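Q: What shape does this take:
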Amino acid sequence: MAASGSGGARYHIRMWNRRPKRTIVIACLAFAAFSFAEGVAQGADKDATKAEAELQGVRQQINQIREQVTRDALRRDRVAEQLLDAEKTVGGVRAAIDKLQAERASRGRKRAELAEQRLAQERALAAERQSLAAQIRAASMMGREEPFKLLLNQSDPALVSRIFTYYSYFGRARASQIAAIETQVAALDETDAQLAAEDARLAALEAEQRAELVRLKSARDERGRVLASIKSETRARERQLARLQTQQAGLEKLLRELRRAMQRMEKFPTDSKTAFARLQGKLPWPASGRVVARFGETRAGGLKWDGMLLGERLARRARALPWPGGICRLVARPWAADDHRPR
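A: Have a look, this model is predicted:
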């Protein structure tokens, strides 16, 4: 249905009747209005009930998702805290491993120093042993030759005795030195053995710490994957929540429109027990414009209006009634402001 003119549109409402009596036209109009209003009211009520049910379902889904998002947030915070603790534990184990490695390196350097000292002591011990052996050999040879020298040279026996005493003194001194060196070497060996045992203990502890580090890293990585999964699920639920909220807003808007439509339909007396005669003057117009001409009024050329002429703004929707059986029809056409004929 088109409209023309700058100031407004006029709707010409005409009613045709195959029967000559006016009462039939009124009955037809009342029956059609009653049928239409009752059908529209029932349809709007049905649509409103359906929209209300859908809205309740959407709201229930929104509440469920919100509760799940809240649970996910608590779980995410808990896993994030566990992940932070795991990171701290991993850092602590790494620090312990670094400390063990430093201790093992220090003991390694100490063992290297002991090895050098032992080597020096062994060299000194070998030299002392060689000197003592040479002294013993010299004393032994002199001891065998001394009686013959005393007989041949008539030397002083006291001098010979003093020489033997000196050799004996030096021999005991070297023997004592050798014993001291051997004691030092034994002490070095004992210290090295202790360092070796301590290094073995530290090596075993380091191996345990490394195994623990592998386990902690695995647990930390697993918590990281769980945290990433929770965040991904939360983002998906938030997107779903946004879609449902949009759907909720649309259903609420639809429900408001349906309720407004039902409120408008309440103006129609749709009670089936209401007599048609009582509906006269209670049915709404298809358009809410000003009445320009009424049914039966005289128009140009001595003719009479066979319908109602309403003035309405442009682009306003006019509601028509479904006339049953072809008995009556409602025609609404826009008129120009200066035209008295429907176009």
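Q: Mind jotting down where the strands sit in the stretch 1-150 of the chain?
A: Taking DSSP state E, counting those that start in this stretch as the test, the strands found in the stretch 1-150 of the chain are 9-15.
Q: what's around Glu128, how many residues?
A: Neighbour count for Glu128, taken as other C-beta atoms under 10 Å: 20. No exception for glycine: its C-beta is placed from N, CA and C like everyone else's.
Q: So it is in contact with Gln177, correct?
A: Yes: taking contact to mean C-beta atoms under 8 Å, the distance of 5.3 Å between Glu128 and Gln177 places them in contact.
Q: And the helices in the stretch 151-300 of the chain?
A: Taking DSSP state H, counting those that start in this stretch as the criterion, the stretch 151-300 of the chain carries its helices at 157-265.
Q: For the stretch 151-300 of the chain, give me the ranges with low pLDDT.
A: With pLDDT under 70 as the threshold, the stretch 151-300 of the chain has low-confidence stretches at 151-164, 167, 171, 264-289.
Q: if you set the cut-off to 80 instead, what comes out?
A: Regions of the stretch 151-300 of the chain meeting the criterion pLDDT under 80 cover residues 151-175, 177-178, 181, 258, 261-290, 295, 300.
Q: which residues touch stretch 72-89?
A: Contacts of stretch 72-89 from elsewhere in the structure, counted by C-beta atoms under 8 Å, 6 or more residues apart in numbering, are Leu216, Ala219, Arg220, Arg223, Gly224, Val226, Leu227, Ile230, Lys231, Glu233, Thr234, Arg237.
Q: Closest one of the residues you listed to Thr298?
A: Distances from Thr298 to the contacts of stretch 72-89, taken as C-beta to C-beta, are shortest for Arg237 (72.0 Å).
Q: hang on, the closest one packs against Thr70?
A: No: the pair Arg237 and Thr70 fails to qualify as a contact (C-beta under 8 Å) at a distance of 10.4 Å.
Q: Looking at those two, which has the bigger crowd around it?
A: Neighbours of Arg237 and Thr70, each counted by other C-beta under 10 Å, are more numerous for Arg237; the result is 16 against 10.
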